[in-house]
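**Q** fold the following, please.
(one chain, ligands or ions: 2)
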Amino acid sequence: MVDGWDVDSVHVRAPGKINVFMRVGAVMEDGYHDVATAYQAVSLYEDVRAYPDDEFSVGFSGSIDTASVPLDESNLAIKAARLLAKRTGYTGGVRLEIEKHVPVAGGMGGGSADAAATLVACDALWGTDVGRDELQTLAARLGADVPFALLGGTAIGTGRGDRLSPALATGQFHWVLALPGGELSTPQVYRELDRHRERHAGDIAPAQLTPTVDSGVLQALRAGDPAMLAEALTNDLQAPAIHLVPELADVIELGETNGALAGIVSGSGPTVAFLTSDLDSAIDLQIALSAARVHAVRATGPVHGARVVGD
Ligand SMILES: C[C@@](CO)(OP(=O)(O)O)[C@H](O)COP(=O)(O)OP(=O)(O)OC[C@H]1O[C@@H](n2ccc(N)nc2=O)[C@H](O)[C@@H]1O
Ligand SMILES: Nc1ncnc2c1ncn2[C@@H]1O[C@H](COP(=O)(O)OP(=O)(O)O)[C@@H](O)[C@H]1O
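**A** Ligands and ions are numbered 1, 2, ... in the order given. Below is the predicted model:
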């Protein structure tokens, strides 16, 4: 229901993300790591269409292979819809059709985007109207990255990565995303980092245990300066991701020798995000990667968070 009118369906679009900065600190009591990250939402989108139904169900289409994504109650979109229904006392269900363009388990928060989009779509479809603040609270219960998929733009995340403050950003950044094809499990990459730290316990600087976002990143985002941002790109999960998938190092080198200002593993990977100076360089790099048989797509950021779009 929207403004008292019955609606047949609601269409919501939510973005994937790149962590342009990601420092991982100590493991907290809840088992999560204390992080300091700078997120940028980019123009690879999930399109979620919600239809009235008595049951809860989900189906996928789009440019991404979704064979590994569960369609049962463990699907993040179903979890999001059920959580909103529980919170509001809504007694019906929903049929969710997701057109996927963010790689699965790629480090770009595709499942989180599905969950964020589903919260917004069901809230509009059911007329529950819980408001943006409450949706943010529900989002944090679904996963560390879900609140950012709701907010979009550019933001700093602390705690689990779910405590957000918007960051000032100007201009538009041009990215080329290399999608090596495999999947990487987020908990496995965090575990690999922990194992490495245990082995090198004496070498860890205390600052790493209470992470903060470097001022250089904030300055580069404020200035909208890709060369400055390229210098500041940081990801503590990159080394463990490369340890698990050594070919990622070759992909980064390939991009950096073909015009990228810099390449970085996005989140827990295996997507590699290359920052370029402008659209022309991005097109050239995409062609070079494709010629080397590395699947690559272009995206720009920052873009908006989950919101209803007209069909
Ligand atoms: C690494 C990051 C960087 O933005 O993203 P992805 O690469 O997954 O997209 C995030 O920290 C992932 O966020 P998200 O994928 O939403 O994580 P969740 O579902 O909440 O948690 C999955 C698992 O990751 C680990 N985890 C996650 C976040 C965090 N701050 N510390 C952790 O240790 C925990 O083992 C947790 O059980
Ligand atoms: N709607 C969904 N879309 C994508 N993945 C989902 C979804 N629901 C559950 N998952 C599972 O969540 C895990 C993480 O997926 P995803 O969000 O795509 O990657 P990442 O956390 O690397 O950004 C995968 O193992 C996937 O099978």
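
**Q** can the strand or helix carrying residue 147 be found next to ligand 2?
**A** Residue 147 is located in helix 146-151, with elements delineated by DSSP states H and E. No: using C-beta under 6 Å from any ligand atom, we find that helix 146-151 stays clear of ligand 2, coming within 9.4 Å at best. C-beta here means a position set from N, CA and C on the backbone, and glycine is covered the same way.

**Q** helices or strands up against the longest helix along the chain?
**A** The helix that spans the most residues within the chain, counting by DSSP state H, is helix 110-126. In terms of contacts (3 or more C-beta pairs under 8 Å, 6 or more residues apart in numbering; DSSP states H and E), helix 110-126 is packed against strand 10-27, strand 33-53, helix 76-88, strand 93-100, helix 132-142, helix 146-151, strand 307-308.

**Q** list the contacts of the residue most central in space within the chain.
**A** Closest residue to the average C-alpha location of the chain: residue 109 at 2.8 Å, with C-alpha atoms, centre = their mean. Residue 109 sits next to 16-17, 102, 145, 148-149, 267 when contact means C-beta atoms under 8 Å, 6 or more residues apart in numbering.

**Q** same thing with residue 264?
**A** By C-beta under 8 Å, 6+ apart, the residues touching residue 264 are 18, 20, 233-235, 238, 252, 272-273, 275.

**Q** now it, what's its secondary structure?
**A** Using DSSP: H, G, I helix; E, B strand; the rest coil, the structure places residue 264 in strand.

**Q** what's the closest non-adjacent residue to it?
**A** With sequence-adjacent residues excluded and distances taken as C-beta to C-beta, 6 or more residues apart in numbering, residue 264 is closest to residue 233, at 4.5 Å.

**Q** do the same with residue 154
**A** Closest residue to residue 154 apart from its sequence neighbours, by C-beta to C-beta, 6+ apart: residue 169 at 3.9 Å.

**Q** checking that neighbour next. Helix, strand or coil?
**A** coil.

**Q** what's around it, how many residues?
**A** By other C-beta atoms under 10 Å, 22 other residues sit near residue 169.

**Q** just checking, it touches residue 155?
**A** No: with contacts counted by C-beta atoms under 8 Å, residue 169 stays clear of residue 155, the gap being 9.2 Å.

**Q** tell me the mean pLDDT for stretch 128-144?
**A** On average, the pLDDT along stretch 128-144 is 96.
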